[in-house]
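S.K.: Could you look at this predicted model? Sequence included:
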Amino acid sequence: MMKHFSVLFAILCGSTLAMAQKTDVAFVTGESFVNDYKVSFTGTPTTTNIIRTNSHLFLEGTFAVRLLNARLVSLHLEVPVVGIPANGHSFTTIPTINFLSKTTVNTSAVFVTPALRLKILPSAPISPWASIGGGWARFSSELAPTTNRGALEFGGGLDFKTRLPLLGFRAEVRDFVTGDPDFGFVNVLSQTNGVLHRHNIMVGGGIVLRL
């Protein structure tokens, strides 16, 4: 009887571990980078400003479920949620017609982009992976209403295993491509808000918990 119980207990433990390895949660932090872009304003004469975004800390939480395990590769459905608490945007010239004498505008951003992640050698100590997906970006400015934009996400990274089965580490780079947020500009001549050309690049690392 004791032997049968031991076998049943081992099977249950193995099944629980197998189920646990199908899901994971990652917590990542690092530096965010955004490309420069131009905005033109009406006036006499017409003026053009190049807007530069300062690099800033980002925070990310990602939940993932394994859909397929083919030993050499595995496929996961993941939902990364990334937040940038504050970003400073500076201008090449002082846009007095828009912000009086203000040269910097602060914004925050949130990205939610369900994606597919392909991992190579998922059982190896170091597993490279690539991700692609799409979803939603939300920008909040101190001088304008909240802006919602579509977002395309792609990126990749490395997962590192440890001696603890439930704990790992991750290094990653993700790019969330969106349209421009609304900074509260007036007298705007041209601004490509809806075009996916704004690259919000996140470079960081953190921990992975296999639930």
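M.R.: That came through, no problem.
S.K.: contacts and neighbour counts: CA atoms only from here.
M.R.: Will do.
S.K.: From residue 106, how far off is residue 50?
M.R.: Using CA to CA, to the nearest Å, we find residue 50 at a distance of 16 Å from residue 106.
S.K.: With residue 52 instead?
M.R.: Distance, residue 52 to residue 106, by CA to CA: 12 Å.
S.K.: what sits in contact with each of these two?
M.R.: residue 89 (CA atoms under 8 Å, 6 or more residues apart in numbering).
S.K.: residue ranges of the strands in this structure, please?
M.R.: Here the chain has its strands, by DSSP state E, at 23-34, 37-41, 47-53, 56-69, 73-91, 104-112, 115-120, 126-141, 144-161, 167-178, 188-190, 198-210.
S.K.: any chance of these in CSV, with mean neighbour count too?
M.R.: Formatted as CSV, these follow (neighbours: other CA atoms under 10 Å):
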stretch, mean neighbour count
strand 23-34, 19
strand 37-41, 16
strand 47-53, 17
strand 56-69, 17
strand 73-91, 19
strand 104-112, 20
strand 115-120, 21
strand 126-141, 19
strand 144-161, 19
strand 167-178, 21
strand 188-190, 14
strand 198-210, 20
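S.K.: Now render these as CSV, adding mean pLDDT.
M.R.: Shown next, in CSV, are the strands of the chain (pLDDT from 0 to 100):
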stretch, mean pLDDT
strand 23-34, 96
strand 37-41, 71
strand 47-53, 75
strand 56-69, 96
strand 73-91, 89
strand 104-112, 87
strand 115-120, 98
strand 126-141, 95
strand 144-161, 92
strand 167-178, 97
strand 188-190, 55
strand 198-210, 96
